[in-house]
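Novice: I need the structure of the sequence given here:
(one chain, ligands or ions: 1)
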Amino acid sequence: MLAWPDIDTVLLDMDGTLIDLHFDNVLWNQRLPARVAAAHDIGLDAARERLYAHMRDAPPTLDFYCVEYWSAYTGLDIAALHEELGGLVAYRGGAEAFIDAVRASGRRAVLVTNAHPKSLAVKDHQVRLTARLDAGFSAHDFGYPKEDVAFWPAFAKREAYQPERTLLIDDNAAVLHTAAASGIRHLLCVTQPDSGRPPRGGLPFPAFNHFAEIMPD
Ligand SMILES: [Mg+2]
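Specialist: You can find the predicted model right below:
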């Protein structure tokens, strides 16, 4: 599936790629709506609809991924919610072995995530993610989410990589599209970002589930 001899840098998304999206789905689709419902004395469905409507209407900026933005909107401590659910943070199948194999093969493995630094810190604390990688970056340090074409030139100023010799693995097809437009040649999507939900079909990029499928030679 991958032309490993042509790849020397691997950029890795976090949520839904290295880390099971189950954590975020429980937080944003269950725990947060339940707290909004309790705070406003409304039903769970009404709370969900209120949150989802605001998510749909939110401009495609970093606010969507910003713990402080959603704390301000809901009046709830979203960072504390992350800590409450910390026990649900888990690697996706084979992720740790894959990172180790990429680095052992002499290639560079770099985390690049839209997650807010507070969300990243909770996941890091639970599963020691960034210590396992050569480097780790939050899009919040660059001012644009990865699905904005402006992200990639800003990121390239901090992390020197040759786009034609770089692989990006990300569960978000919109991100893979802007990465492709920026010149990143090797692109891979994820069929099952959340282990608790069915695999996705019809993705516009080659895709895998368990990291054992894509180990470096
Ligand atoms: Mg993701």
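Novice: which bits of this structure sit near the ion?
Specialist: Counting by Cβ under 5 Å from the ion, the chain comes close to the ion at 13, 15, 16, 171. C-betas here are computed from N, CA, C, even on glycine.
Novice: and of those residues, the nearest to residue 41?
Specialist: In terms of Cβ to Cβ, no member of the residues of the chain next to the ion lies closer to residue 41 than residue 15, at 31.3 Å.
Novice: didn't the closest one look like it was pressed against residue 116?
Specialist: No - with contact defined as Cβ atoms under 8 Å, residue 15 does not reach residue 116; the gap is 10.9 Å.
Novice: Settle it for me: which of these two has more neighbours?
Specialist: Neighbour count, other Cβ atoms under 10 Å: between residue 15 and residue 116, residue 15 has more, with 26 against 22.
Novice: any idea how far that one is from residue 75?
Specialist: Remark: distance between residue 15 and residue 75 (Cβ to Cβ, to the nearest Å) = 24 Å.
Novice: Might you report the residue contacts of whatever residue of the chain ends up closest to the ion?
Specialist: The ion sits closest to residue 16 of the chain, with a gap of 3.7 Å, by Cβ to the ion. By Cβ atoms under 8 Å, 6 or more residues apart in numbering, the contact list for residue 16 reads 24, 92, 171, 172, 190, 193, 194.
Novice: make it 7 Å
Specialist: Taking Cβ atoms under 7 Å, 6 or more residues apart in numbering, we find residue 16 in contact with 171, 190, 193, 194.
Novice: Next, format these as CSV and append secondary structure and pLDDT.
Specialist: Listed next are these as CSV, based on DSSP: H, G, I helix; E, B strand; the rest coil; pLDDT from 0 to 100:
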residue, secondary structure, pLDDT
171, coil, 98
190, strand, 98
193, coil, 98
194, coil, 98
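Novice: a markdown table for those residues, including neighbour count and distance to residue 103?
Specialist: As requested, these are exported to a markdown table (neighbours: other Cβ atoms under 10 Å; distance: Cβ to Cβ, whole Å):
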| residue | neighbour count | distance to residue 103 |
| --- | --- | --- |
| 171 | 24 | 22 |
| 190 | 25 | 20 |
| 193 | 24 | 23 |
| 194 | 20 | 26 |
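Novice: All set now, cheers.
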